[in-house]
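Q: Provide a 3D model corresponding to the input given below.
(one chain, ligands or ions: 2)
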Amino acid sequence: MTCDLVVFNISQLVTVSGNEGLRCGQEMREVEIIENGYIVVHNGTFLEVGCGDVPKHYINDHTKMIDASGLTVTPGLIDSHTHLVHGGSREHEFEKKLSGIPYLDLLKQGGGILSTVKATREATFTELYKKATKSLNTMLLYGVTTIEAKSGYGLNLENELKQLEVAKKLNDDHPIDITSTFLGAHAVPEEYKNRKEDYIKEVLEMLPIIKERKLADYCDVFCEEGVFTIEESRHILNAAKNQGFKLKIHADEIVAQGGATLASELECVSADHLMASTDQDIENLVRNKVVANLLPQTSFNLNKTYANGRHMVDMGCGISLSTDYNPGSSPSENMQLVMQLASIKMRLHPKEVITAVTKNAACSINQEAQKGSIEKGKEADFVIFDAPNLDYLLYHFGINHVKDVFKNGKQVV
Ligand code: NIG
Ligand code: FE
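A: Numbers count the residues shown, from 1 in each chain. Ligands and ions are numbered 1, 2, ... in the order given. Next up is the predicted model:
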């Protein structure tokens, strides 16, 4: 049988194959790296992965042949926490931030998330679509082939639907695959100031409508001091679970409220941020195999401590890493910077980092059966990096190493 595409002579082929399911603790280092590897792609999936000479029977006159000498190949990167669709930007708050006004204080003053809510409500579908397309194009250039995208800047039915509809259309139109999350409980909108209970009721009413229109697979809550409490988060997430949503939570980003422990209790798929989590919280995540989704760009941008990734892996956690791309706490789509910050600031080993942004990130959106590794039968999403080996990719930081990107076997960069 002949095939569509062969990539051969690969200096380091990082397959991240084998071992189905979330890789926890030491398993995160069990990454297969094939020197002088090749991959054979047909009909959008991997047909064979190997080492040395490519079997002749795969090749005919129509097979595209790529010589990857001196280059590294990994699975397509998966960014499993983004706030992709939103209006406007927040550089007008940059000086305030630099002068030391805390992130949550800006929100209390009606800025922060609420300033983006205003811009998102004012934006048309087309404006949001165009802006998000630009971000997706940037993500692709940096090697990302699948993302998760949250709503949460509409904070009323009409505008939450608008955001989710934009993400749905982009999933159809753009090479990057998008999984959507409903984040109606991202903040309390101005019109509900001092009436949080009423807003929570509105969020609960949005759930069945979003479910019925198949606009989101996940529900998320910003569980944080001054935003939603543990009890409120439990209430909203339980209601979502009863409607058939899978769960995620913004947990322990700034203040340790026990968000990660709640994630474990509710069997969330992932608990995200975890900068302030305690050891007890982490143990609870480990026990219920909740993915610890860490977002180092947010720590960098808010000038905060980083989640203790090294300690979490040593405690047996399964970690994924994402950009948290959003206009406030992480205005950057750069997954390679995320990886480099994770190794330098969280002391994660390169093999742990690549597991976190491929296999474990796929687990974070329940797509590990199709994506996240280079192995026979999986979707042929992969990146060719202009780097001689995996370590180099993390060590030589701050630049874009991507040479080519393939999505379902088709070259997209
Ligand atoms: O994950 N923390 C809550 N949500 C985002 C920030 C959103 C914003 O500031 O616009 C986050 O950091
Ligand atoms: Fe976030």
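
Q: Please report phi then psi for the nearest residue to Asp272 once chain neighbours are set aside.
A: Once flanking residues are discounted, Asp272 sits nearest to Asn293: 4.2 Å by C-beta to C-beta, 6 or more residues apart in numbering. For glycine as for every other residue, the C-beta is placed from the backbone atoms N, C-alpha and C. Dihedral pair for Asn293: phi -90, psi 110, per degrees, to the nearest 10.

Q: which bits of the stretch 251-400 of the chain sit near ligand 1?
A: Residues of the stretch 251-400 of the chain found near ligand 1 (C-beta under 6 Å from any ligand atom) are 253, 298, 324, 326-329.

Q: same question, the stretch 101-250 of the chain
A: Checking the stretch 101-250 of the chain against ligand 1 by C-beta under 6 Å from any ligand atom, the hits are 112-113, 116, 222, 250.

Q: Now do the strands in the stretch 301-413 of the chain.
A: 319-321, 382-385, 402-407, 410-411 (DSSP state E, counting those that start in this stretch).

Q: Next, format those as TSV and append mean pLDDT and mean neighbour count.
A: TSV is the format used below for the strands of the stretch 301-413 of the chain (pLDDT from 0 to 100; neighbours: other C-beta atoms under 10 Å):
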stretch	mean pLDDT	mean neighbour count
strand 319-321	98	32
strand 382-385	99	26
strand 402-407	98	21
strand 410-411	98	14
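
Q: In TSV: those, plus distance to Leu136.
A: Shown next, in TSV, are the strands of the stretch 301-413 of the chain (distance: least, C-beta to C-beta, whole Å):
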stretch	distance to Leu136
strand 319-321	19
strand 382-385	16
strand 402-407	12
strand 410-411	16
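
Q: Quick one: the strands in the stretch 51-200 of the chain, in order.
A: 64-67, 72-75, 77-79, 144-150, 177-185.

Q: ranking those by burial, who's on top?
A: strand 77-79 (a mean of 31; mean count of other C-beta atoms under 10 Å).

Q: by contact count, what packs against that one?
A: On a contact count with 3 or more C-beta pairs under 8 Å, 6 or more residues apart in numbering; DSSP states H and E, strand 77-79 meets strand 144-150, helix 359-364.

Q: In contact with Leu215: list those residues for me.
A: Going by C-beta atoms under 8 Å, 6 or more residues apart in numbering, Leu215 touches 161, 164-165, 168, 180, 182.

Q: Ok, His250 next?
A: Contacts of His250 by C-beta under 8 Å, 6+ apart are 220-224, 259, 272-273.

Q: Could you grab the helix/strand/coil label for it?
A: strand (DSSP: H, G, I helix; E, B strand; the rest coil).

Q: Please identify the helix or strand for the residue nearest to it when sequence neighbours are not counted.
A: Nearest-residue entry for His250: Phe222, 4.5 Å, with adjacent residues in sequence omitted and distances by C-beta to C-beta, 6+ apart. Applying DSSP states H and E as the criterion places Phe222 in strand 218-223.

Q: Among the contacts of His250, which one sits closest to ligand 1?
A: Phe222 (4.6 Å; C-beta to the nearest ligand atom).

Q: Was I right to think the closest one contacts Val188?
A: No - Phe222 is beyond contact range of Val188, at 10.1 Å (criterion: C-beta atoms under 8 Å).

Q: How about the secondary structure of the residue lying closest to Pro55 once chain neighbours are set aside?
A: Leaving aside its sequence neighbours, Pro55 sits nearest to Glu48 (C-beta to C-beta, 6+ apart; 7.7 Å). Look at Glu48: counting by three-state DSSP, its state is strand.

Q: Look up how far Glu205 lies from Glu48.
A: Distance, Glu48 to Glu205, by C-beta to C-beta, to the nearest Å: 51 Å.

Q: With neighbour numbers in mind, choose between those two.
A: Glu48 (16 against 12; other C-beta atoms under 10 Å).

Q: partner residues bridging that one?
A: Counting by DSSP bridges, Glu48 forms beta bridges with Val40.

Q: for the one residue in the stretch 1-150 of the chain that gets nearest to ligand 1, what are its contacts?
A: Closest approach between the stretch 1-150 of the chain and ligand 1, counting by C-beta to the nearest ligand atom: Ile113, at 4.4 Å. Each residue near Ile113 by C-beta under 8 Å, 6+ apart is listed here: 107, 152-153, 186-187, 328.

Q: Distance of Leu22 relative to Ala167?
A: 25 Å.

Q: how about low-confidence regions in the stretch 251-400 of the chain?
A: Regions of the stretch 251-400 of the chain meeting the criterion pLDDT under 70 are absent.

Q: Which residue does it have closest to ligand 1?
A: Gly328 (2.3 Å).

Q: so which of the contacts of His250 comes closest to Ile33?
A: Asp272 (28.5 Å; C-beta to C-beta).

Q: Need the three-state assignment for the closest one.
A: Asp272, by the three-state scheme (three-state DSSP), is strand.

Q: my read: it touches Ala251, true?
A: Yes - Asp272 lies in contact with Ala251 (C-beta under 8 Å); the separation is 6.5 Å.

Q: When those two are compared, which one has more neighbours?
A: Looking at Asp272 and Ala251 with other C-beta under 10 Å, you find the greater number of neighbours at Ala251, namely 34 against 30.

Q: In contact with the more buried one, which residues?
A: 223, 257, 259-260, 262-263, 271-274, 277, 281.

Q: contacting residues for the residue nearest to His250?
A: Going by C-beta under 8 Å, 6+ apart, the list of residues near Phe222 reads 152, 183, 185-187, 228, 250.

Q: One more pass at 7 Å, please.
A: 185-187, 228, 250 (C-beta atoms under 7 Å, 6 or more residues apart in numbering).

Q: Can I get those in JSON lines including distance to Thr2?
A: As requested, these are arranged in JSON lines below (distance: C-beta to C-beta, whole Å):
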{"residue": "Ala185", "distance to Thr2": "52"}
{"residue": "His186", "distance to Thr2": "50"}
{"residue": "Ala187", "distance to Thr2": "55"}
{"residue": "Phe228", "distance to Thr2": "56"}
{"residue": "His250", "distance to Thr2": "48"}
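
Q: Can I have the buried ones of the contacts of His250 as a ChimeraX selection?
A: Buried subset of these, written as a ChimeraX selection, criterion 16 or more other C-beta atoms under 10 Å:
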select :220,221,222,223,224,259,272,273
